[in-house]
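1. Quick one, what's the 3D model for this:
(one chain, ligands or ions: 1)
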Amino acid sequence: MFPERKVLLVVNPISGDVDKDIVFEKVIETAEAEGYDLRIYSTTGENDMETVREMVENINPERVLVAGGDGTISLVAQAIHGIDVIMGIIPVGSANGLAMDFGVSGSVAQATEVAFGTNFVEIDAVSINGEISLHLSDIGLNALLVKNYENSDVRGKLGYAKEMLKTLSEHENFRVQIKTDQEIIETDALIVIIANAQKYGTGVTINPAGDMSDGFFELVIAKKLDFIETAKILAGNTDFNPEIMQVISVQKAEITCPDKEAHFQIDGEYKGLVSKLEAHIISKYIKVAIP
Ligand SMILES: Nc1ncnc2c1ncn2[C@@H]1O[C@H](COP(=O)(O)OP(=O)(O)OP(=O)(O)O)[C@@H](O)[C@H]1O
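-> Residues are numbered from 1 along each chain as shown. Prediction:
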């Protein structure tokens, strides 16, 4: 008999367009081969964080696997924070930016192998106005795109292109003041990114200095740009460019928009208009399995 090694699989049945049966097949097969007792929770969209936390406390698994998009990964991360367990990611969302930053972007089979593997890192999180960001959050242009896309009735690439054009015509630069322990920056900005990671889901590296385990996050400040450069940023066609962007590594910062409120998004979820943000790093937030 194997000792009681348990693994919990959390699946979001509606994320992305991957058939979840492939996930079940692969995880059941691997759990059997590795001698794990497998439990499965399918998210409902209601009180999932509390339910996952209770299940982890009751079952006491060695690992929690998450099959979903960034939203589900973030939810599970918050549910297991403070509990000694490793999270394994099986990216089956529509964008999967977080998984890409961990080098998990292949097939369900590859991701499952990594999720059950022995390598892991302890990653930081950024607390922004009391909410948790694991990946990339921002105020300004991209947050407006996230808002427009959430409200759009056309999904997929076509819907995205349509909302990009709308966003380009609507967006306005804004005045921002950034206070850190080292300096105060005041500028007109197109976007201010609060970055724990390096890449957006498109694969574009917006924050080359990003290291999710270094106890710092970056502020990437893109100043006023012409239409073409703005469109490139929005389309994810521009890597970090020091001529038009400034980046600073910090452990905490206060961001104020003194003249007018700016659109705000956390890890791909629109959060409304804000005039002030307080951000600080929480180091070693959770353990994540990596290749
Ligand atoms: N059973 C369910 N029915 C409806 N909504 C659900 C259900 N389970 C979870 N949700 C919702 O799914 C959303 C999270 O989706 P998730 O981020 O995992 O996938 P996605 O949107 O396809 O991917 P991505 O974030 O990569 O774009 C949350 O808003 C959550 O409330």
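
2. Give me every residue in this structure lying close to the ligand.
-> 12-16, 43-45, 68-72, 93-96, 268 (CB under 6 Å from any ligand atom). To be clear about C-beta, it is placed using only N, CA and C from the backbone, and glycine gets the same treatment.

3. are any of those residues buried, and which?
-> Of the members of the residues of the chain next to the ligand, the ones counted as buried by neighbours, 16 or more other CB atoms under 10 Å, are 12, 15-16, 43, 68-72, 93, 95-96, 268.

4. beta partners of residue 6?
-> residue 37 (DSSP bridges).

5. For the stretch 101-250 of the chain, which segments count as strands?
-> Assigned by DSSP state E, counting those that start in this stretch, the stretch 101-250 of the chain shows strands spanning 120-128, 131-133, 136-140, 174-179, 184-195, 217-223, 245-250.

6. Packed most tightly, which of the ones you listed would that be?
-> strand 136-140 (a mean of 27; mean count of other CB atoms under 10 Å).

7. Can you get me the start-to-end distance on stretch 88-100?
-> 13 Å (CA to CA, to the nearest Å).

8. phi, psi of the closest residue to residue 273 other than its chain neighbours?
-> Spatially, and ignoring its direct neighbours in sequence, residue 273 is nearest to residue 261 (3.8 Å; CB to CB, 6 or more residues apart in numbering). Main-chain torsions, residue 261, degrees, to the nearest 10: phi -70, psi 150.

9. and if you look at residue 172?
-> Backbone torsions of residue 172, given as degrees, to the nearest 10, read phi -130, psi 140.

10. before we move on, the earlier item: tell me which entries of the buried ones among the residues of the chain next to the ligand lie within strands.
-> Taking DSSP state E, the ones among those that sit in strands are residue 68.

11. hmm, which two among the buried ones among the residues of the chain next to the ligand are most spread apart?
-> The two members of those with the most space between them (CB to CB) are 43 and 95, at 17.4 Å.

12. could the strands of the stretch 101-250 of the chain be laid out in TSV, adding mean pLDDT?
-> Formatted as TSV, the strands of the stretch 101-250 of the chain follow (pLDDT from 0 to 100):
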stretch	mean pLDDT
strand 120-128	97
strand 131-133	97
strand 136-140	95
strand 174-179	97
strand 184-195	94
strand 217-223	93
strand 245-250	92
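
13. Dump those into TSV; add distance to residue 276 as well.
-> As requested, these are exported to TSV (distance: least, CB to CB, whole Å):
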stretch	distance to residue 276
strand 120-128	11
strand 131-133	14
strand 136-140	10
strand 174-179	10
strand 184-195	12
strand 217-223	15
strand 245-250	16
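
14. Which one, of these, ends up nearest to residue 204?
-> For residue 204, the closest of those is strand 136-140, at 10.6 Å, according to CB to CB.

15. Now the residue in the stretch 1-150 of the chain that the ligand sits nearest to. Its backbone dihedrals?
-> Of all residues in the stretch 1-150 of the chain, the one sitting closest to the ligand is residue 69 (1.9 Å; CB to the nearest ligand atom). Per-residue torsions, residue 69: phi -90, psi -170 (degrees, to the nearest 10).

16. got a pLDDT number for it?
-> Per-residue pLDDT puts residue 69 at 90.

17. Touching, it and residue 94? I think so.
-> Yes. With contacts counted by CB atoms under 8 Å, residue 69 reaches residue 94, the gap being 5.9 Å.

18. re earlier: for the residue nearest to residue 273, give me the pLDDT.
-> At residue 261, the pLDDT value in this model is 97.

19. Quick check: it vs residue 57, distance?
-> As judged by CB to CB, to the nearest Å, residue 261 and residue 57 stand 39 Å apart.

20. For the closest residue to the ligand within the stretch 101-250 of the chain, give me its contacts.
-> As assessed by CB to the nearest ligand atom, the ligand sits closest to residue 201 within the stretch 101-250 of the chain, at 6.6 Å. Counting by CB atoms under 8 Å, 6 or more residues apart in numbering, residue 201 touches 70, 95-97, 100, 268.

21. Now for these: which two are most distant?
-> 100 and 268 (12.6 Å).

22. Would you mark the buried spots in stretch 269-279?
-> 269-271, 274, 277, 279.

23. Same list (those) but as JSON lines, adding pLDDT, secondary structure and distance to residue 182.
-> Below are the buried residues of stretch 269-279 laid out as JSON lines (pLDDT from 0 to 100; DSSP: H, G, I helix; E, B strand; the rest coil; distance: CB to CB, whole Å):
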{"residue": "269", "pLDDT": "91", "secondary structure": "strand", "distance to residue 182": "30"}
{"residue": "270", "pLDDT": "96", "secondary structure": "strand", "distance to residue 182": "31"}
{"residue": "271", "pLDDT": "97", "secondary structure": "strand", "distance to residue 182": "27"}
{"residue": "274", "pLDDT": "98", "secondary structure": "strand", "distance to residue 182": "23"}
{"residue": "277", "pLDDT": "98", "secondary structure": "strand", "distance to residue 182": "18"}
{"residue": "279", "pLDDT": "98", "secondary structure": "strand", "distance to residue 182": "15"}
